[in-house]
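Engineer: just a sequence and a predicted model for now, questions to come.
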Amino acid sequence: MKLKVCGMKFTENIQQVAHLQPDYLGFIFYEKSKRNFEGIIPDLPNSIKKTGVFVNEYKEIVISLVEEYGLDAIQLHGDESVEYVTDVKNQLAERRALFIEENKQIKKKKNQHKISKNEVEIIKVFSIKDEFNFNLLKPYLEIVDYFLFDTKGKERGGNGTKFDWKVLEKYPFEKPFFLSGGIGLEDVEEVKKILKSDLPIYALDVNSKFESKPGVKKIEELEKFKNKISV
Ligand SMILES: O=C(O)c1ccccc1N[C@@H]1O[C@H](COP(=O)(O)O)[C@@H](O)[C@H]1O
């Protein structure tokens, strides 16, 4: 089971969490969030996918932050339409092809912008309250790599509350998804139960339930969680 730790903010804390070797580290690029990221991402092992979280952001800004930070994945956490996601995906692919071509010609070892080794993964978020119409996901199936299910709440994300995972029993697709929304150490048994189901859960996404304050993750608790879910 993959693990994504989201809402990273401070260098030392990022390095400590990276030491636990999660599969994804999330950086929120959303000014209204208490976890809005503005710093420099320290060097991370290649195994950790740097993920930018965006909420209805201008496409140009998404693309420029992907390049500035060498993001491996983008998590679209707003009301991004199929057209929006398709356009971002195409633009990222074009920029990548151009970058590779330029790099071949110039044979420069160092470039102004970083680029991920692989194509940028696209994770589209849908927030769930008590029920959900999974038909809404159909048009996204061809475009996105993963869905992420979070809990609908007052804030766009990081509400720290769980939705009723029973809703997922009606998930009709094979497309793998991230399970998110208020997951904490106290949920280990319930998490283990849902992981035994036939649902294509690809990763668990944790955030505010492992914080001492917004953006600061509790390392020992994260380590315990990681160990418990990987047994
Ligand atoms: O955490 C935030 O502040 C945030 C703001 C805007 C969009 C997404 C945000 N976080 C994402 O919310 C989910 C669930 O977090 P939590 O476990 O309920 O705290 C997670 O995917 C974060 O990426």
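Structural biologist: The structure has been received and is ready for your questions. Residues are numbered from 1 along each chain as shown.
Engineer: in the lowest-mean-pLDDT helix or strand in the chain, what counts as buried?
Structural biologist: Among the helical and strand segments of the chain, the one scoring lowest on mean pLDDT, DSSP states H and E is helix 82-106, with a mean of 89. Buried residues in helix 82-106, defined by neighbour count with 16 or more other Cβ atoms under 10 Å: 84, 85, 86, 88, 89, 92, 95, 96. C-beta: built from backbone N, CA, C; applies to glycine.
Engineer: give me the phi and psi angles of the nearest residue to residue 86 once chain neighbours are set aside.
Structural biologist: Once flanking residues are discounted, residue 86 sits nearest to residue 143: 5.5 Å by Cβ to Cβ, 6 or more residues apart in numbering. Taking degrees, to the nearest 10, you get phi -100, psi -40 for the backbone angles of residue 143.
Engineer: residue contacts, residue 143?
Structural biologist: By Cβ atoms under 8 Å, 6 or more residues apart in numbering, the residues touching residue 143 are 82, 85, 86, 89, 122, 124.
Engineer: hang on, the earlier thing: and the least confident helix or strand of the chain, how far out from the chain's middle?
Structural biologist: 20 Å (Cα atoms, centre = their mean, to the nearest Å).
Engineer: who touches it?
Structural biologist: With Cβ under 8 Å, 6+ apart as the criterion, helix 82-106 contacts 59, 62-63, 66-67, 74, 76, 80, 111, 113, 115, 119-120, 122, 124, 139-140, 143-144.
Engineer: write out the residues of the protein neighbouring the ligand.
Structural biologist: By Cβ under 6 Å from any ligand atom, the part of the chain that sits against the ligand consists of 6-7, 26, 28, 30, 33-35, 53, 55, 77, 150, 156-160, 180-183, 205-209.
Engineer: the residues you listed in strands, which ones?
Structural biologist: Taking DSSP state E as the definition of strands, the residues of the chain next to the ligand contribute 26, 28, 53, 150, 205, 206.
Engineer: can you list the weak-confidence ranges in the protein?
Structural biologist: For the chain, the stretches with pLDDT under 70 are 106-117, 231.
Engineer: surely residue 20 and residue 225 touch.
Structural biologist: No: using Cβ atoms under 8 Å, residue 20 makes no contact with residue 225, being 9.5 Å away.
Engineer: circling back: mind putting the ones in strands among the residues of the chain next to the ligand in CSV, neighbour count included?
Structural biologist: Formatted as CSV, those follow (neighbours: other Cβ atoms under 10 Å):
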residue, neighbour count
26, 26
28, 28
53, 29
150, 25
205, 27
206, 28
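Engineer: for those, which one is nearest residue 190?
Structural biologist: Lowest distance from residue 190 to those (Cβ to Cβ) belongs to residue 206, with 13.6 Å.
Engineer: dump the residue contacts of the nearest residue to the closest one once chain neighbours are set aside.
Structural biologist: Nearest non-adjacent residue to residue 206, counting by Cβ to Cβ, 6+ apart: residue 183, 5.1 Å away. Neighbour list for residue 183: 162, 191, 204, 205, 206, 209 [criterion: Cβ under 8 Å, 6+ apart].
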